[in-house]
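**Student:** 3D, please:
(chains A and B)
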Amino acid sequence: MNCKTVKSQLTDYILEQLDAKFQKDLETHLQSCPDCQAELSALRKVWTELDAVQEAEPSPMLKSRFYQMLESEKKYTVHGIQYTERASLWDRVDQWLVHWWPRRPATQFGVSAVILLLGLWLGNGLSNRTVRNGEMTALRSEVREMRQFMSMSLMNQPSSVQRIQGVNLTEQVKNPDASLLEALFHTLNSDPSVNVRLEAVDALYLFRDKENVRAQLLKSLEIQNSPLVQVALIDLITQLKEQKALDALKSLMQKEDVNPDVREYAERKTLEMS
Amino acid sequence: MMAVRDGDLDALGPLFEKYHKALYHHFLMQTSRPQLSEDLVQEVFFRILKYRQTYRGESKFSTWMYSIAHNVKVDYFRKKKLKMVNIENANPIPSTIPGPDVQTEQKDEADLIQQSLQKLPDDKREVLLLSRFQNMKYEEIGKITGCAIGTIKARVHHALKDLSVIYKDLAGERLS
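**Tutor:** Residues are numbered from 1 along each chain as shown, chains lettered A, B, ... in the order given. Now for the predicted structure:
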């Protein structure tokens, strides 16, 4: 063992951190080396001198401040969750989440993965539903427009059979727009075929809740000259159960050219209503 | 400390009673400023409370506490951009022991070794103090300072060797 090795281990020798064999070899060297002995002596002296350092006492304020801090901390710790005096609502939410968030990284990863998958699944479902709802609305609108278009096209055909098909098709339109209602009334008032006009009365029966439909029906009764259509309209009008309908029937009865059977039918209905 | 971690904050009281003086001494030996040392002790216990959930009981409480103390000291001087005070700039540490004549010589020796300690670089002084006054093994000091055992072993050795030279020089200056 040379001096360099011995000198590098002298602190460990003082601290008694060498293994037994190494320590014995070092002591053997020291016995025959005045230079290493001198260095050991100097190190041991300063090591011992450190004993002279008095352990200073802190002021009583240190203890007082610590217990004040502890009391303050206890005041803002509820159910093991730490709140500080300066903590904002956000900080408290943050601390609450920290309390619940798993500590193990593997568990954190697992929870994150589950939340991510859940989010993807929910997001996908909502997205599909939104798309589906949007598509359905657009499709319904297209079907309605197509039916209206077909109805109006058919009602303009020369064949009465096709015009009847057109009128019947309007029964499948739930919310007809103004142009379709206008086409139906045009058919009711001016179609040359009585059968087509009778179909128009039946079709308009479905839309009798609309104010403008009821008004147009009353006007139509005034201008109709076919007894069959007049009787069909009287049946429809009497179901409206309103004063204007009664007035329209009375007006019809006063006409000189009205069919006697129609007048009698109107009188009977008037009596039923009044 | 496990009780403190689990919400029994009163359990920190006995730990404070057991360790605060040694911790104060540890800081005082490094800063030579009593008030600052008290502030640093307070900061260490504040952080113990604040980060109590991170204590896992894998190391001794004292090791964990001194590692916090190491960080507190590093943070403080980094924030304040202050260097560790040298003895020329430091206020003398007030002795807590009355100074009768019979103790004058002992007091001189204490002052001399304290002055010598202040001359040491911060990193060497810290490991020497932990080894000498806290009786810590190299492995424990390594955990506190975040250094390898070999580094700590060499650092303690060089700290003691440098201290011996500084002490000898200062003693020579006094005699001359």
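
**Student:** What helix or strand is residue A:140 located in?
**Tutor:** helix A:105-155 (DSSP states H and E).

**Student:** Report all helices and strands that the very next helix or strand once past that helix contacts.
**Tutor:** Counting by DSSP H and E, the next helix or strand C-terminal to helix A:105-155 is helix A:160-170. If you count contacts as 3 or more C-beta pairs under 8 Å, 6 or more residues apart in numbering or on different chains; DSSP states H and E, helix A:160-170 packs onto helix A:105-155, helix A:178-190, helix A:194-205. Every residue, glycine included, has its C-beta placed from N, CA and C.

**Student:** again, 6 Å this time
**Tutor:** helix A:105-155, helix A:194-205 (3 or more C-beta pairs under 6 Å, 6 or more residues apart in numbering or on different chains; DSSP states H and E).

**Student:** ok, and what's touching it?
**Tutor:** With contacts defined as C-beta atoms under 6 Å, 6 or more residues apart in numbering or on different chains, helix A:160-170 is touched by A:147, A:150-151, A:154-155, A:157, A:193, A:196, A:199-200, A:203.

**Student:** Tell me the buried residues in it?
**Tutor:** A:163-167, A:169-170 (16 or more other C-beta atoms under 10 Å in any protein chain shown).

**Student:** and what of stretch A:23-38?
**Tutor:** Buried-residue list, stretch A:23-38, by 16+ other C-beta under 10 Å: A:26, A:29-30, A:33, A:36.

**Student:** what's the pLDDT at the residue lying closest to residue B:59 once chain neighbours are set aside?
**Tutor:** Distances taken as C-beta to C-beta, 6 or more residues apart in numbering or on different chains put residue B:143 closest to residue B:59, at 6.1 Å, once the chain neighbours are dropped. At residue B:143, the model reports a pLDDT of 89.

**Student:** distance between the helix or strand harbouring residue B:143 and the chain's centre?
**Tutor:** Taking DSSP H and E as the criterion, residue B:143 maps to helix B:138-145. The chain centroid and the centroid of helix B:138-145 are separated by 14 Å under C-alpha atoms, centre = their mean, to the nearest Å.

**Student:** near chain A, which residues of chain B show up?
**Tutor:** B:7, B:9, B:16, B:24-25, B:28, B:38, B:42, B:45, B:49, B:96-97, B:109-110, B:113-114, B:132, B:156-157, B:160, B:163-164, B:167 (C-beta under 6 Å from any C-beta of the partner chain).

**Student:** quick one on the thing from earlier: for the buried residues of helix A:160-170, which one is nearest residue A:135?
**Tutor:** Lowest distance from residue A:135 to these (C-beta to C-beta) belongs to residue A:169, with 24.1 Å.

**Student:** domains of chain B?
**Tutor:** What automatic domain parsing lists as the domains of chain B is B:1-85, B:101-176.

**Student:** Take those domains and lay them out in a markdown table including mean neighbour count.
**Tutor:** Listed next are the domains of chain B as a markdown table, based on neighbours: other C-beta atoms under 10 Å in any protein chain shown:
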| stretch | mean neighbour count |
| --- | --- |
| domain B:1-85 | 17 |
| domain B:101-176 | 17 |
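
**Student:** Reformat the ones you listed as JSON lines; add distance to residue A:177.
**Tutor:** Shown next, in JSON lines, are the domains of chain B (distance: least, C-beta to C-beta, whole Å):
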{"stretch": "domain B:1-85", "distance to residue A:177": "68"}
{"stretch": "domain B:101-176", "distance to residue A:177": "79"}
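
**Student:** Those domains: which one's closest to residue A:4?
**Tutor:** With C-beta to C-beta as the criterion, residue A:4 lies closest to domain B:101-176 of these, at 12.7 Å.

**Student:** Distance check, the residue most central in space within chain B against residue B:46.
**Tutor:** Centroid check for chain B by C-alpha atoms, centre = their mean gives residue B:26 as the closest residue, at 2.5 Å. Per C-beta to C-beta, to the nearest Å, residue B:26 is found 17 Å from residue B:46.

**Student:** Same question for residue A:74.
**Tutor:** 14 Å.

**Student:** A strand includes residue B:26, no?
**Tutor:** No: according to DSSP: H, G, I helix; E, B strand; the rest coil, residue B:26 belongs to no strand; its state is helix.

**Student:** contacting residues for it?
**Tutor:** residue B:129.

**Student:** what's the helix or strand for residue A:62?
**Tutor:** Since the elements are taken from DSSP H and E, residue A:62 ends up inside helix A:60-75.

**Student:** Against which helices or strands is that helix packed?
**Tutor:** So helix A:60-75, by 3+ C-beta pairs under 6 Å, 6+ apart, packs with helix B:34-50.

**Student:** In PDB, could you pull the C-alpha coordinates for the helix it packs on?
**Tutor:** Provided in PDB are the C-alpha atoms of helix B:34-50 (Å, rounded to 0.1, in the frame of the first residue of the first chain):
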ATOM      1  CA  PRO B  34     -29.100  33.400  13.000                       C
ATOM      2  CA  GLN B  35     -32.300  35.100  11.700                       C
ATOM      3  CA  LEU B  36     -31.800  33.700   8.200                       C
ATOM      4  CA  SER B  37     -31.200  30.200   9.700                       C
ATOM      5  CA  GLU B  38     -34.400  30.400  11.600                       C
ATOM      6  CA  ASP B  39     -36.300  31.400   8.500                       C
ATOM      7  CA  LEU B  40     -34.800  28.500   6.600                       C
ATOM      8  CA  VAL B  41     -35.800  26.000   9.400                       C
ATOM      9  CA  GLN B  42     -39.300  27.400   9.200                       C
ATOM     10  CA  GLU B  43     -39.300  27.000   5.400                       C
ATOM     11  CA  VAL B  44     -38.200  23.400   5.800                       C
ATOM     12  CA  PHE B  45     -41.100  22.500   8.100                       C
ATOM     13  CA  PHE B  46     -43.500  24.500   5.900                       C
ATOM     14  CA  ARG B  47     -42.400  22.300   2.900                       C
ATOM     15  CA  ILE B  48     -42.700  19.200   5.000                       C
ATOM     16  CA  LEU B  49     -46.300  20.100   5.700                       C
ATOM     17  CA  LYS B  50     -47.000  21.100   2.100                       C
END
